[in-house]
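Visitor: Show me the folded form of this:
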Amino acid sequence: QVQLVESGGGLVQAGGSLRLSCVASGDIFSINVMGWYRQAPGKERELVATFTNGVGKKYTEDVKGRFTVFKDNGKNMVYLQMNNLKPEDTAVYYCHAHLLRLHFTTYEDYWGRGTQVTVSS
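Guide: Numbers count the residues shown, from 1 in each chain. Now for the predicted structure:
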């Protein structure tokens, strides 16, 4: 079994900051991608920021310069530091990992349940 659990969401005023955390647990052998997606009401889930081993970080255009993704490999954790938040950042933020479980042969995608981020104007 693998679980991804997010924390750190909440309500913040425009211009404020939040830090999201996600921990992956279970029978994990290796994680090669870990990061964050978000889904706003009435919209599709979209990539926010990811970290790929051996490749680096990737951000969606409208968070560049405001959000930073970083990973703690030793703890199977990924963080999203969000600064200068805007009302349009309001969404449910989901943690994602592309990982290989013990005794398995293929990498698979796993998702957390999501954490709500609300930015008031």
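
Visitor: For the closest residue to Ser121 other than its chain neighbours, what are phi and psi?
Guide: Distances taken as CB to CB, 6 or more residues apart in numbering place Pro87 nearest to Ser121, at 4.7 Å, with adjacent residues excluded. (Each C-beta comes from the backbone N, C-alpha and C, glycine too.) Phi and psi for Pro87, reported as degrees, to the nearest 10, are phi -50, psi -30.

Visitor: measure the residue in the chain sticking out farthest from the centre to Trp111 for me?
Guide: Here the chain reaches farthest from its C-alpha mean at His103, the gap being 25.9 Å by CA atoms, centre = their mean. Plainly put, His103 is 22 Å away from Trp111 if you go by CB to CB, to the nearest Å.

Visitor: what do you get for Ile28?
Guide: Ile28 is 14 Å from Trp111, by CB to CB.

Visitor: So which of these two has more stuff around it?
Guide: Ile28 (16 against 13; other CB atoms under 10 Å).

Visitor: Excluding chain neighbours, what is closest to the more buried one?
Guide: Nearest one to Ile28, counting by CB to CB, 6+ apart, is Leu99 at 5.6 Å.

Visitor: My guess is that neighbour contacts Ser30. True?
Guide: Yes - the pair Leu99 / Ser30 is scored as a contact, 6.4 Å apart, by CB atoms under 8 Å.
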